[in-house]
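Here is a sequence together with a model predicted from it:
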Amino acid sequence: MQINENKVALVSGANTGVGFQIAKALVANGYTVYAGSRDLQKGKAAVEQLGESAIAIQLDITNNESIRTAVKTIEDETGYMTLLVNNAAVSHAGKPGRTMEDVLGSQRASIVPIEELKTVWETNVFGTLALTQACLPLLQRASSARIVTVSSALGSLSINANPENQYRLNFDAVYGASKTALNGIFLSLAIDLEHTNIKVHLVSPGFTATALNNFQGTDTVEEGSKEPIRVALTENLPNGSFTGPADFSGENNIIPW
């Protein structure tokens with residue numbers, strides 16, 4: 001364990017959208033932030049806006065060598081990590097530039113090509129867990145550490161089982177169900193780590209206008225980042241929490257599984 005440690009965070013998908021806003025807030029609150037980006041040049045451009053305590057790092061969470069190199073860089077430079085923010089995600093693997101409605105219509109369980117489903121889950125589920133597993137040794141070296149994973153209320157089985165849910169038809173087999181799987185795996189991880197120095201949290205930004213939905217969300221990226229930022233900066237939340245903005249959640253911002 002580190003004594004009088006500085007706060008060190010890794011944010012995946014930090015060059016744009018919610019990930020960028022989280023990284024920006026962490027920098028403003030005294031963190032050294034490793035801003036992960038598949039395209040290093042885009043990461044470097046983002047870091048120019050984030051400030052001196054932000055460091056661009058190439059990170060493709062579907063590539064094991066990229067994960068190993070990124071984690072090794074952080075280990076060599078800091079020796080530990082206090083916060084991992086899993087933000088990187090994709091919404092589809094089909095033709096770019098389609099509307100959100102077209103994407104969701106093509107990703108219904110009855111018709112979606114299995115290869116497209118596998119491609120999205122490779123990032124949203126398997127890649128996210130692979131990065132997390134690789135970071136665990138560094139997180140274990142901190143006196144206390146947290147894993148914050150950006151999920152979605154769209155992945156809630158309880159919400160989608162309710163016929164009165166206005167977004168129910170958006171629960172597709174590719175993106176929506178990938179968030180359900182992500183929730184299950186990270187709840188399992190929270191249970192796995194509940195007697196350690198590491199807490200695990202899941203958070204939904206709500207229906208935010210980002211590249212994931214062709215910028216058709218109802219909230220701005222600044223509005224949608226508020227709850228992820230709150231969770232990323234709050235050190236005393238209960239382990240295994242799943243929260244979201246008020247219009248997607250209940251008491252204490254809790255979203256049902």
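In hand now; what should we look at?

So what does the spatially closest residue to residue 69 that is not a sequence neighbour have for phi and psi?
In space, and not counting its chain neighbours, residue 69 is closest to residue 58: 7.3 Å by Cβ to Cβ, 6 or more residues apart in numbering. All C-beta spots, glycine's among them, are computed from the backbone N, C-alpha and C. The phi and psi values for residue 58, taken as degrees, to the nearest 10, are phi -70, psi 130.

Quick check: beta-bridge partners of residue 58?
In this entry, residue 58 is beta-bridged to residue 37, by DSSP bridges.

thinking it is in contact with residue 41, fair?
No: if you go by Cβ atoms under 8 Å, residue 58 and residue 41 don't touch, sitting 9.5 Å apart.

out of the two, which sits in the more crowded spot?
Neighbour totals were compared for residue 58 and residue 41, and residue 58 leads with 17 against 11 (other Cβ atoms under 10 Å).

Quick check: pLDDT value at that one.
Listed pLDDT for residue 58 reads 98.

Residue 169 too?
We have a pLDDT of 86 for residue 169.

What is the neighbour count of residue 176?
Neighbour count of residue 176, defined by other Cβ under 10 Å: 21.

just for the chain, where's the confidence low?
1-4, 207-219, 247-250 (pLDDT under 70).

center of it, which residue is that?
residue 87 (2.5 Å; Cα atoms, centre = their mean).

how much space between it and residue 112?
To residue 112, residue 87 is 24 Å away according to Cβ to Cβ, to the nearest Å.

longest helix anywhere in this protein?
helix 175-192 (DSSP state H).

buried residues in that helix?
Within helix 175-192, the residues scored as buried using 16 or more other Cβ atoms under 10 Å are 175-183, 185-187, 189-190.

what's the closest of those to residue 138?
Closest to residue 138 out of the buried residues of helix 175-192 is residue 189 (15.6 Å), distances taken as Cβ to Cβ.

OK, contacts around that closest one?
The contact partners of residue 189, by Cβ atoms under 8 Å, 6 or more residues apart in numbering, come to 129, 132, 147, 200.

go with 10 Å
Shown in contact with residue 189 (Cβ atoms under 10 Å, 6 or more residues apart in numbering): 129, 132-133, 136, 147, 149, 198, 200, 202, 239-240.

Which of those residues fall within strands?
In strands, defined here by DSSP state E, the members of these are 147, 149, 198, 200, 202.

what's the most distant pair in these?
Farthest apart among those by Cβ to Cβ are 198 and 202. That separation is 14.1 Å.

Those two: which has the busier surroundings?
Using other Cβ under 10 Å, the more surrounded residue of residue 198 and residue 202 is residue 202, with 27 against 23.
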